[in-house]
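Novice: have a look at this fold, sequence not included:
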Ligand SMILES: O=C(O)COP(=O)(O)O
Ligand SMILES: [Mg+2]
């Protein structure tokens with residue numbers, strides 16, 4: 001049986017509307033124009049501190065305000081899940097993978113608290129044996145350490161990483177783990193420019209892909225644990 005590690009935002013859940021609402025509450029309280037959905041999606045992927053810095057720069061807010069903006073964003077973020085839905089077929093795919101005996105974990109750049117709160121709110125926490133967030137370790141993706149931590153929490157066995165972004169692909173390459181790319185998320189580049197072992201646009205096909213690719217011969221800098 002395999003260990004399958006998942007990214008969260010843009011992979012399992014369409015969370016951009018909540019991230020946008022959180023950002024816009026912070027911006028409008030300071031008299032700045034709200035973010036569009038396209039801006040929001042383009043700022044997601046490298047964790048909350050980077051998101052907030054991109055938001056600050058886009059609205060030309062003073063650099064000195066950066067720590068306050070991040071604090072204000074994080075204070076609202078933990079409860080920001082009213083607008084977030086799993087992508088179609090996610091629940092069924094997770095149940096099928098668990099039913100087949102695979103072990104599942106999350107490796108996201110979303111902070112761990114908001115990630116756990118969101119999973120609980122959506123009743124999606126149960127399938128996962130571990131959650132590694134953007135602030136769980138001192139480093140976050142594309143450093144491979146969070147992916148290694150999530151994988152180690154699942155014990156041993158063939159491994160695959162499922163994600164939606166350039167950052168996820170870079171992490172998988174650095175960790176030498178086969179990468180399965182969900183093409184319906186928040187990537188910025190064409191699929192052909194993102195390294196991946198397999199790509200999919202519907203969660204109905206994920207279980208078959210995992211069967212085919214988990215534990216594929218590894219490529220990259222160093223072996224996964
Ligand atoms: O919080 C982010 O910027 C991205 O989160 P993700 O790693 O789950 O896509
Ligand atoms: Mg993502």
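Specialist: The structure has been received and is ready for your questions. Just so it is clear, the structure is predicted and the values come from calculations on it, not from any experiment. Ligands and ions are numbered 1, 2, ... in the order given.
Novice: I'd say residue 18 and residue 84 touch.
Specialist: Yes: between residue 18 and residue 84 there is a contact under Cβ atoms under 8 Å: 4.8 Å. Any C-beta I mention is one placed from the backbone N, CA and C, and that applies to glycine too.
Novice: who in this protein is up against ligand 1?
Specialist: Proximity of the chain to ligand 1, by Cβ under 6 Å from any ligand atom, involves residues 7-10, 44-48, 51, 108-110, 134, 165.
Novice: may I have the secondary structure class of residue 106?
Specialist: Taken by DSSP: H, G, I helix; E, B strand; the rest coil, the conformation at residue 106 corresponds to strand.
Novice: what's the closest non-adjacent residue to it?
Specialist: Distance criterion Cβ to Cβ, 6 or more residues apart in numbering; nearest residue to residue 106, sequence neighbours excluded, is residue 131 at 4.5 Å.
Novice: what helix or strand does that neighbour sit in?
Specialist: In this assignment (DSSP states H and E), residue 131 forms part of strand 128-132.
Novice: read off the pLDDT value for the residue lying closest to residue 122 once chain neighbours are set aside.
Specialist: Using Cβ to Cβ, 6+ apart and skipping the chain neighbours, the partner closest in space to residue 122 is residue 86 (6.1 Å). pLDDT recorded at residue 86 is 98.
Novice: repeat that for residue 212.
Specialist: Note on residue 212: pLDDT of 81.
Novice: Provide the count of other residues in contact range of the residue nearest to residue 122.
Specialist: When neighbours are defined as other Cβ atoms under 10 Å, residue 86 has 19 of them.
Novice: residue contacts, it?
Specialist: 12-14, 122, 124 (Cβ atoms under 8 Å, 6 or more residues apart in numbering).
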